[in-house]
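Undergrad: Quick check, what structure comes out for this input:
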Amino acid sequence: MTITALSKKERYQLTVKGEETDRPPVWLMRQAGRYMPEYMAMRKEYSFNDLCLNSEAAARASMLPLDILDIDILIIFNDILTPLADMGIMVEFPDGGPVIRNPVRNSEDLNGLQYATFKNPPVAQSIRRLKELVGDDVPVIGFCGSPFTLAAYVVEGKMSRNQDEIKRLRFEQPTILAALLDRLTETAASYLIAQIVDGGADGVQIFESWGGVLAGNGDYMEFAGLYQRRLIEKVRAVCPDTPIQLFLRGSGGRVPQMAASGADVISIDWQTPLAVARQQTNLCLQGNLDPTALLVPGCIEDQVARMVEGFDWRRGWIANLGHGITPQASVEAAKNFVKAVGNLARKGG
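TA: Down below sits the predicted model:
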């Protein structure tokens, strides 16, 4: 069946619903970033934090993947830790990665740390400005960190390889961790709702970057999955028609738990084959090329073909990476990825 060419926004909306489209929509996590010379030129004008908080600059940065790669979905330029400042958490962004100056590790640290509420925050202003620049045919999505991922940063202070501090808190004082997760859930919900209601976001994504470190599905559901579900319920109660996407790094074996979150789209990492994930859920899937493939422009066509082996990509699939694009990635390879996804439909294979 021949399907009339769709706008980028129509393609996104129909794909989320599981309907067949002219081709899969495609975008890249961290798609406006250090691999782009144009982004690095902007960083000479703005610090990372200023770039997140300046609506005009954030909108300009967010547009780069559309202008350079002809991407289908734009995600607003921001950082998952930005809303923590409104809770009284001191966040800094040095070159070595984010640092929390007042980590929460005991009941005394937790005292006075309340959830934040947002009305027209800078990120919503950035989304609104971006939508003015690109028009109504290009979908713009907002995002936040999941409660557990935010908690991991808040407790660790500076992210470590093993996440020793949050694991220590989980075993020594799980009630304090639960109270922290409750407050982060309220904050994240308000932050996402503001992006939709005040900013006009066409969808939102929740990044569960650290939930995969939890041991077993029992721990995952108690400290990550439960709060994902509560967050999604709170957003959906106010914005019932806005698609919600959930990404999990470390998704292997946890696709059913991700589906139980209530998200519309399940975004999986590169270690979970799309064909395997499809056997576990009929929800729209997103992913999942290994980001390191974008170091080698000439390998992309073959890697995309391998990615969709045994998987029906014709409906219910948003093409993406299995994690964020790396600073070492090639712009040419990113362009080749977008083209290779489009070629799937042209080849009809």
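Undergrad: Do you know the pLDDT at D264?
TA: D264 is assigned a predicted lDDT (pLDDT) of 98.
Undergrad: who touches it in this structure?
TA: Contacts for D264 (C-beta atoms under 8 Å, 6 or more residues apart in numbering) come out as 16, 243-245, 283-284. The way it works is simple: take the backbone N, C-alpha and C, and place the C-beta from them, glycine included.
Undergrad: show me what contacts Q257?
TA: Contacts here follow C-beta under 8 Å, 6+ apart; on that basis Q257 touches 217, 220-221, 225.
Undergrad: what about the closest residue to V138 other than its chain neighbours, how many neighbours?
TA: Once flanking residues are discounted, V138 sits nearest to K8: 5.0 Å by C-beta to C-beta, 6 or more residues apart in numbering. Counted with other C-beta atoms under 10 Å, residues neighbouring K8 total 21.
Undergrad: what does the one 3 residues further on give?
TA: Applying other C-beta under 10 Å, we find 23 other residues in the vicinity of R11.
Undergrad: give the contact list for it.
TA: R11 neighbours (C-beta under 8 Å, 6+ apart): 21-23, 25, 72.
Undergrad: Which two of these have the greatest separation?
TA: Spanning the widest gap among the contacts of R11 are D22 and D72, at 11.2 Å by C-beta to C-beta.
Undergrad: what about these two, which has more around it?
TA: More neighbours surround D72 than the other of D22 and D72, with 26 against 15 (other C-beta under 10 Å).
Undergrad: Setting aside sequence neighbours, what's the nearest residue to that one?
TA: Take D72 and drop its neighbours on the chain: the residue closest to it by C-beta to C-beta, 6+ apart is P25, 3.9 Å away.
Undergrad: Cross-check the contact I'm expecting between that neighbour and Y12.
TA: Yes: at 5.0 Å, P25 counts as touching Y12 under the criterion of C-beta atoms under 8 Å.
Undergrad: Now do the shared contacts for those two.
TA: Joint contacts of P25 and Y12 (C-beta under 8 Å, 6+ apart) are 72-73, 318.
Undergrad: related to what we said a few turns ago, for the residue nearest to V138, phi and psi?
TA: phi -60, psi -40 (degrees, to the nearest 10).
Undergrad: okay, and for the protein, where does confidence drop off?
TA: For the chain, applying pLDDT under 70 flags the ranges 1-2, 348-349.
Undergrad: centre of the chain versus the helix of greatest length in it, how much separation?
TA: For the chain, the helix that runs over the most residues, judged by DSSP state H, is helix 174-197. Computed by C-alpha atoms, centre = their mean, to the nearest Å, the separation of helix 174-197 from the middle of its chain amounts to 16 Å.
Undergrad: Also stretch 32-42?
TA: Here stretch 32-42 is found 19 Å from its chain centre; the criterion is C-alpha atoms, centre = their mean.
Undergrad: and if you look at stretch 161-177?
TA: 24 Å.
Undergrad: Check stretch 321-330 too.
TA: Relative to its chain's centre, stretch 321-330 lies at 13 Å (C-alpha atoms, centre = their mean).
Undergrad: Would you mind writing the CA trace of that stretch as PDB?
TA: Provided in PDB are the C-alpha atoms of stretch 321-330 (Å, rounded to 0.1, in the frame of the first residue of the first chain):
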ATOM      1  CA  LEU A 321      20.300   5.500  18.900                       C
ATOM      2  CA  GLY A 322      20.500   3.200  21.900                       C
ATOM      3  CA  HIS A 323      22.000   6.000  24.000                       C
ATOM      4  CA  GLY A 324      23.100   9.600  23.400                       C
ATOM      5  CA  ILE A 325      25.400  10.500  20.500                       C
ATOM      6  CA  THR A 326      29.000  10.800  21.600                       C
ATOM      7  CA  PRO A 327      31.200  13.900  21.100                       C
ATOM      8  CA  GLN A 328      33.500  11.900  18.800                       C
ATOM      9  CA  ALA A 329      30.700  11.000  16.400                       C
ATOM     10  CA  SER A 330      30.900  12.000  12.800                       C
END
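Undergrad: ok, how many other residues are close to L192?
TA: Counted with other C-beta under 10 Å, the neighbours of L192 add up to 28.
Undergrad: do the one 10 residues further on as well
TA: Counted by other C-beta under 10 Å, the residues lying close to D202 total 22.
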